[in-house]
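> show me how the following folds:
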Amino acid sequence: MQLRAAGLPAPTLASARWGALPCAAGRRTRQLAAPPASALPGARLPRAAPQAPRPARPLGLCCAAGSDDAVRVRISTQREVKFGEVLRLVGSHPSLGNWKVDKAPWMAWEDGHVWAAEVALPPGTSVEFKCVRVKSGSDGSGDPKWEGGDNHKLTVPSDGAAAMSVVVEWGGRIATEVGGAAAPRPQQKQQRREEEQWRSEGGASSGDEGSSSGGSTAGSVTSSGDDSMALLPQWQGKELRFMQSNEHSRERRGTWDTSGLDGAALHLVGGDRDAANWLNKLAVVKSLLVDSAHMMRPDLDALAHAYIYMQWLATGAIECVEGGGHHRPNRHAELARMIFRSLEWVIGEQGPQSPIVALIGRRLQSRLPSFTDQFTQSVPLTRIRDIAHRNDIPRELKAEIKHTLQNKLHRNAGPEDLHTTEAMLARVTAVPGEYPEAFVQEFRTFTAELRDFFNAGSLTDMLDGLRPGLDDGSARLLDHFAAAKARLDAAGEAADQNAVMDVLHSVTTVRALLVSGLSSGLRNDAPDRALAMRQKWRQCEVRAEDYAFVLLSRFINSVEEKGGAATIAAGSDGGWALPIGALVLGLRHLGLGGYSAQECMAIEHELAAWQRAGGFSEKDNALRLKATLQRLRRLTEQYSQMMLDAYAERAVVMGRALGLENERYLVFTEAEIRASLVFQVSKLSSLLIKAANTCAGGSPWDVVMAGSAQGVLLRAPCLQPGCLDGAKGQDAVLLVESATGDEEVSALGSNLRAIVLQQDLPHLSHLGVRTRQEGVVFVTCEDAEAVASQVEPLLGSRVSLRAAADGFSIGPAGSSAGAFTSNGKDASASSNGNGNGAHGNGAAARPAAAPAQKVHNIAVLPLGEATAASCGAKAAACGELLRLASQCSDAAASAASAASGNGDANSTSIMAAADGVVLPFGCMEAALAADGKQGRYDELLRTLRSVLGSMQPGSAGGAGSLAALDGVCGDIQGLLAGLRIPQQVLQQVSGTFKPGATVIARSSANVEDLAGMSGAGLYESIPNVDSSNGAALQAAVAGVWASLYSRRAVLSRHAAGVPQEAACMAVVVQQQLSPDLCFVLHTRHPVTGDANVLSAELAPGLGEILAAGTRGSPWRLEAHKASSSVTTAAFANFSRAFLPPGAAEELRAGNGAVYAPPSSMGEIGGGTAVAAAPPAAALHLQVVDYSRQPMSASSEVREGVARRLLAVAAVLENEFGAAQDVEGCFVGNQLYVVQTRPQP
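Below you'll find the model as predicted:
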């Protein structure tokens, strides 16, 4: 069965990490020590399947393998650690990890902040060791904190001692005590062997995906990860006890502060106050999700709150106590059925449009009890009653089973009962033969039934429950999965990556089958039996994803053990196959849950295409793969943000209201993310990005504006006024989390010296142009590790940084750290080519607003008659482009005529331009006068001057000033947007174009497109205007006028010292093109300043994706003017583009020919008739698959495009006499230049 589904939200994996303490005989009440969230990251409840019994692991013992005659050495220390931290025992013996933290045994927490581990050491062995603090679940490689002082030294007795106890004084001395001299009894040997079997089958984890609190924890990564109990979260509630009498308490801890709450939070907190036991709490959830929901379809807010609440119930963070009365589990099952129905409705109806609804709806399912026939009968789970009355077990054990389990389950069943049952099973199986085998098997059967009730059974067993309803083909898929998993389990840690991949592929196929079966949705009148079967399918589907998390975790650990990214980069193409394959399977799981299906499919196509092409040792191929991997990582970041938005604030509000410990709600969302499959996909994509970057010889730092800078380093979420306040007037360097690419630099403050942006951005975006214009050093970096290690430690201090085309460095001001780039070359030689950069960060001198010649009445001029004085530099340049296009047309006709004599009449023009008209300077003022609004306009300008007068030049001012500025700017914009244009003027504009043509209204101010003051993107362009619709034309023209007084535009002029009343606006109306490919071209290299090298950035579709700085990377080409040599510096990975309908299909059909270079050129080049521009079609935002884009697939196409741009650059530089900043596009095979301005 082939998988063709894509796009999922990643769920949480909640594998048990909780141990049971065997009880000593003779105690009336036995405590099952439940450690805090930070304890026992590697411990896990054993599976109690009848076919593979395994003993419980004693709490507090992390045993290493050893021979039968080895001495059991228990090493303990008393040490308080921070929440989320644990200890590992690291030393010079293999049992202690051979000084490798990630291989060392975990220490287990005991009462009194005692941490202990037990290892098996050969007699006479001398070892050295230390304790190490690491984060819970960590593999120890992430900043471990070593115990201070000298290494502890220990010699194991050689006289046949059976055990040894060592007490460590943290950072000081040790005390030892030797136990009995007898050799281990056969029973102890057997138990030890079974414990090692338990470990090898998934009973312990050495992974790094555990959560410290709040949600779920990750599964084992040392084997295939036994999938039983995979949805049982770490217990965080009160201690669990075995009882010989009814000691169940009705006392409750917590608070229920409903002040300030509303909606779902109020419903749950208020309801929980009156709901003592699990049944009543389920009723509260049912009331929220079913009874109070519109048409029994809960909204996102209700779903998110309910999931958080149910997670806290499952972990014991919200405790359940006796509530009075006798309520058998069938009552719980009935509630679950009603909740399930509503959840399935919203998954099917809202999930396709809202992935987070599908995610939460699916995850909530795993917290509901089962409602199959066996649990909805009037007296379910009766087996425990028979067990409690057996005569072949001790009286004390009978009493404990009766009072701890039987009576409790039949009165008030709750999540704590499953944990207690697992602990009881661990106890009775700890020592084989201690209890009658018939009793043990019966208790195993009951435990399996209880797991089924709580939907916590193994995936294998759950899938077996579906077999009766499957056809032969589907049953074979389950058989293949079971066989592959059995092989992997049998191989244990010796299994290779191919074995893991076989199981991962198999479970992915099984999940696709399950998703397909669930895709038909749920009928409103579905009978109870159909609902019960659907619940089984849903639980298997969720569990399959969880198991994929475990397998991906194991695979990643295996890759890292073999050298990780460095080994992959240094190897052949074959070394990439399995990691890319694992990534594709993880991506398919994301798709199967309904998250961004088209995006997942496009990324999968790209990964498959690049893997087939291979050659990753070549720079271009490595860069192309890196672009796709970065696109995938961006997808995982968006997914994680979706979870943050859904859970973070809600968890805090509800957790505080319920009086939970801070850690339970503060880290809830982080725990959910780290325990989700998307976390593993992100981790593997990051690893492969490093490998691709190594092959490409690149740096994680991308220099947009070269130079050097000093200043206090501040962090800002985005570039907005006020982000420099923390500098208190000092020079500042900003570490910025995100940007749109359209921010105004000058308005931020004159003390801004450099920006380090934590995302990719086109070099030639508006923001990139403005940083060059202002002389602000600008560097981007998407590598979180590089930022965390090199930049974040310097926050708050004064730093010095250098950025050049060949590297980047940053360090404390005055140190040598900032003197070299990342590749060791001196950065001081860098220059941006305009006198800024390393030779100074002062902004280039800006001219005043250009003088304007204003008309007195609203008029319309042909674009070819526009001058800078009457219509602005942009309109004048567009007119000049028309004249150039006309000359090119004549040259093309001559070239075609000459070629026809040789039997080849083909000739491709260098450039074309779109025709249009312009409403010159003075039209806006004439419209104000005609509408009687000139007085109000003048009054608002005076108010604007007053507000700006309260601000220091070059400063954005305080919050109060900005609010006042926003108010007056809004008033002016509203006034201008409502201006009327005479009907005859609108008809004149419309008559320029064919009926129904789509046009674009563009700004042309006297304060943009000037040398030293480009104003790139500062004023509005309004696309998709129907030229035959007079009202639409009027609104578009007035909208461009209004953009003259946006806050960004006003602050930009204020920072430049340009009077507001000096600004004038003309409006260019042109035929709108429907581009297949857009570009921004700098005819002088923008980073190095080399006039002999041009730099171009290209992207699919409409140019706004480049200019505004949409998240992602463009194709970045560099071409040498003398040699015509072309270098690809980056590949495009924007997820979406505005494309005309069918554009992608046309590109594929043309096989790249649409970008073919000209076959002949004169001195000026070819040309095209201005009127030949095709009509614009409606542009649609479409997902881009770069495996089908000729620019990504073919180096010949990239070279052909670059050479056409070289020809355009030569024409424009010759015409305008200076380096140019050019915007244009390809429409089919025709290259259009839509704008050119002096390059900053």
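> first residue to last residue on stretch 758-767, what's the distance there?
End-to-end distance for stretch 758-767, by Cα to Cα, to the nearest Å: 14 Å.
> what of stretch 278-293?
Using Cα to Cα, the two ends of stretch 278-293 sit 21 Å apart.
> over to stretch 151-166?
Per Cα to Cα, stretch 151-166 runs 14 Å from first to last residue.
> just the buried positions in it, please.
Residues of stretch 151-166 classed as buried: 152, 154, 156-157, 161-166 (neighbour count, 16 or more other Cβ atoms under 10 Å). C-beta: built from backbone N, CA, C; applies to glycine.
> repeat for stretch 323-333
323, 327-333.
> out of these, who's nearest Thr404?
Pro329 (16.1 Å; Cβ to Cβ).
> for the stretch 751-900 of the chain, which segments count as helices?
Using DSSP state H, counting those that start in this stretch, the helices of the stretch 751-900 of the chain run over 766-774, 784-790, 868-871, 873-900.
> what residue ranges in the stretch 801-950 of the chain score low on pLDDT?
In the predicted model of the stretch 801-950 of the chain, residues 815-849, 892-908 satisfy pLDDT under 70.
> show residues contacting the strand or helix carrying Asp272.
In this structure, Asp272 sits in helix 263-273 according to DSSP states H and E. Here helix 263-273 makes contact (Cβ atoms under 8 Å, 6 or more residues apart in numbering) with 256-258, 261, 281, 284-285, 287-288, 292, 301-302, 304-306, 309, 318, 650, 653-654, 657-658.
> how far is it from where the chain is centred?
With Cα atoms, centre = their mean, to the nearest Å as the basis, helix 263-273 stands 31 Å off its chain's centre.
> just stretch 315-329 next, same as before
38 Å.
> next, the buried residues of the helix holding Asp272.
264-269, 271-273.
> out of the residues you listed, which one sits closest to Val428?
Asp272 (34.7 Å).
> so what's Asn621 up against?
Asn621 touches 610, 613-615, counting by Cβ under 8 Å, 6+ apart.
> Ala627 versus that one, what's the distance?
Look at Asn621 and Ala627: by Cβ to Cβ, to the nearest Å, they are 11 Å apart.
> what does Asp938 give?
53 Å.
> please save the CA atoms from stretch 581-591 in CSV.
Provided in CSV are the C-alpha atoms of stretch 581-591 (Å, rounded to 0.1, in the frame of the first residue of the first chain):
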residue,chain,number,x,y,z
GLY,A,581,14.2,8.5,4.2
ALA,A,582,13.5,8.7,7.9
LEU,A,583,12.8,12.4,7.5
VAL,A,584,10.3,11.7,4.7
LEU,A,585,8.5,9.1,6.9
GLY,A,586,8.3,11.6,9.8
LEU,A,587,7.0,14.2,7.3
ARG,A,588,4.3,11.8,6.2
HIS,A,589,3.2,11.4,9.8
LEU,A,590,2.8,15.1,10.0
GLY,A,591,0.7,14.9,6.9
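> confidence score at Asp299?
Listed pLDDT for Asp299 reads 97.
> actually Ser746, not the one I wrote
The predicted local confidence for Ser746 is 76.
> gap between it and Gln1235?
Distance from Ser746 to Gln1235, by Cβ to Cβ: 21 Å.
> I figured Val917 hits Thr992, correct?
Yes - Val917 is within contact range of Thr992, at 5.2 Å (criterion: Cβ atoms under 8 Å).
> overlap in contacts, these two.
With Cβ under 8 Å, 6+ apart, Val917 and Thr992 have common neighbours Val1069.
> would you put the C-alpha positions of the one helix or strand Ile384 maps to in CSV?
Per DSSP H and E, Ile384 falls inside helix 383-388. Provided in CSV are the C-alpha atoms of helix 383-388 (Å, rounded to 0.1, in the frame of the first residue of the first chain):
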residue,chain,number,x,y,z
ARG,A,383,-12.0,-10.2,37.5
ILE,A,384,-10.4,-8.2,40.3
ARG,A,385,-13.1,-9.3,42.7
ASP,A,386,-12.3,-13.0,42.0
ILE,A,387,-8.5,-12.3,42.4
ALA,A,388,-9.1,-10.6,45.8
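> next one: it to chain centre, how far?
49 Å.
> got the contact list for that helix?
398, 401-402, 405-406, 409-410, 439, 442-443, 445-446, 449.
> ok, those vs Leu121, which is closest?
Once Cβ to Cβ is applied, the member of those that ends up nearest Leu121 is Phe443, at 35.3 Å.
> buried set for the biggest helix by length in the chain?
Taking DSSP state H as the criterion, the chain has its longest helix at helix 619-657. Buried residues in helix 619-657, defined by neighbour count with 16+ other Cβ under 10 Å: 619-640, 642-643, 646-648, 650-657.
> Ala1099 and Trp1115 touch, don't they?
Yes - here Ala1099 reaches Trp1115: they are 7.1 Å apart, a contact under Cβ under 8 Å.
> need the residues touching each of those two.
In terms of Cβ under 8 Å, 6+ apart, Ala1099 and Trp1115 are both contacted by the residues Ala1132.
> on that earlier part again, from the contacts of helix 383-388, pick the one nearest Gly433.
Phe439 (11.8 Å).
> is the closest residue to the closest one other than its chain neighbours in a helix, a strand, or coil?
The shortest distance from Phe439 to any non-neighbouring residue, by Cβ to Cβ, 6 or more residues apart in numbering, is to Ile393 (5.4 Å). Under DSSP: H, G, I helix; E, B strand; the rest coil, Ile393 falls in the coil class.
> pLDDT score for Ile393?
93.
> how much space between it and Cys871?
Distance of Ile393 to Cys871, computed by Cβ to Cβ: 98 Å.
> same question for Leu552.
Distance, Leu552 to Cys871, by Cβ to Cβ: 60 Å.
> the more surrounded of those two?
Each of Leu552 and Cys871 has its neighbours counted (other Cβ atoms under 10 Å); Cys871 has more, 29 against 25.
> any idea how far Val168 is from that one?
83 Å.
> repeat that for Ala1038.
78 Å.
> quick one: the strands in the stretch 701-850 of the chain?
Secondary structure of the stretch 701-850 of the chain (DSSP state E, counting those that start in this stretch): strands located at 701-705, 707-716, 732-736, 752-757, 777-781, 798-804, 807-812.
> touching the fourth one from outside, list them.
Outside strand 752-757, the residues within contact range by Cβ under 8 Å, 6+ apart are 707, 709-711, 719, 724, 731-736, 738-739, 745, 771, 774, 776-781, 787, 791, 801, 803, 810, 841.
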